[in-house]
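Chemist: The sequence isn't on hand, but the structure is:
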């Protein structure tokens, strides 16, 4: 085995290598990776199948497997566990196995035939089985509203949105319609462009083009889904309605006199009249001076029919009394006087 001088011969080196291969344990790369559902993903499935890829170079020993989920221990031979090539599969025993919450998977033990140990592997995913909710609305369901300008606020949230397992609201799934006696109006695009920093949705019915009559009912319909992975099931979807009622509006001005001097007090007035909310009508308010000269034509805006004491050229009108006439589709439906003071 050794040549002269104590140097090992080639035959001796080969023999030693064979001995080492026989006596030393085989080395294997052995690791686990959760891939279905993906790590830290959201699922709506209450019977979510779990698949874990086992990376190895030597055959694994199934009997060595110790698998924990939800605090319960599973071992090889339990009906929930199976192997398909390199994939460890956990199949829940019930269709309602999971509920909303954080799911932690722990692989305590897995060995290969070389005796290599993967170490403890921990994986997390989230189960969200609850649809979004309307946490509040204004006007509330059954409310009676007298304001000429109808403003609607909807607090649309994902259920348990303060919990880590909440997948969040999928804003692309939101759909909002308003139904009155004059039709159904899709206000989704308008609504989604009027979301405040808290996530509340604001709708000005007049600005959104929703027409309604006096004594009308307004039904708000909201559908929305959450943001779970839909590879296997889901999403969780809300479909909800609430209805409020609008009263008739009497002919009047909200401030009289007005003092348009820019101090923020009584600078403008609003005109109110029957069926002011019916945007299908051609409505304008004509303002005349005492000798019946037309000084201003007021058109509707998001805030209603407002006069700031200016004429058509943007100049302040002289103080005094003025006559207003509300014209709806060419007919005078309301008139009165208003005073401008300094």
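Modeler: Received it, and whenever you're ready, just let me know what you need. None of these values were measured; they are calculated from a predicted model. Numbering: from 1, shown residues only.
Chemist: now the strands for the stretch 101-250 of the chain?
Modeler: Along the stretch 101-250 of the chain, counting by DSSP state E, counting those that start in this stretch, strands occupy 101-112, 121-127, 133-138, 144-145, 151-157, 169-180, 183-186, 201-204, 217-226, 237-246.
Chemist: now these as CSV including mean pLDDT, distance to residue 261 and mean neighbour count?
Modeler: Bear in mind the C-beta positions are built from the backbone N, C-alpha and C, glycine included. Output for the strands of the stretch 101-250 of the chain, formatted as CSV (pLDDT from 0 to 100; distance: least, C-beta to C-beta, whole Å; neighbours: other C-beta atoms under 10 Å):
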stretch, mean pLDDT, distance to residue 261, mean neighbour count
strand 101-112, 91, 62, 17
strand 121-127, 95, 59, 18
strand 133-138, 97, 34, 16
strand 144-145, 98, 33, 14
strand 151-157, 98, 28, 19
strand 169-180, 98, 39, 18
strand 183-186, 99, 39, 14
strand 201-204, 99, 28, 19
strand 217-226, 98, 38, 20
strand 237-246, 98, 34, 17
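Chemist: Is the spatially closest residue to residue 112 that is not a sequence neighbour part of a helix or strand, or is it coil?
Modeler: If the residues on either side of it in the chain are set aside, residue 112 comes closest to residue 58, at 4.2 Å by C-beta to C-beta, 6 or more residues apart in numbering. Here residue 58 is recorded as coil under DSSP: H, G, I helix; E, B strand; the rest coil.
Chemist: Pretty sure residue 58 sits against residue 114.
Modeler: Yes. A contact is recorded between residue 58 and residue 114 when judged using C-beta atoms under 8 Å, the distance being 4.7 Å.
Chemist: what's in contact with stretch 309-322?
Modeler: Contacts of stretch 309-322 from elsewhere in the structure, counted by C-beta atoms under 8 Å, 6 or more residues apart in numbering, are 258, 260, 267-268, 287-290, 295-297, 337-342.
Chemist: Can you give me the neighbour number for residue 163?
Modeler: Residue crowding around residue 163 was assessed by other C-beta atoms under 10 Å; the count is 13.
Chemist: typo on my end, residue 162
Modeler: So residue 162, with other C-beta under 10 Å, has 7 neighbours.
Chemist: All set, thanks.
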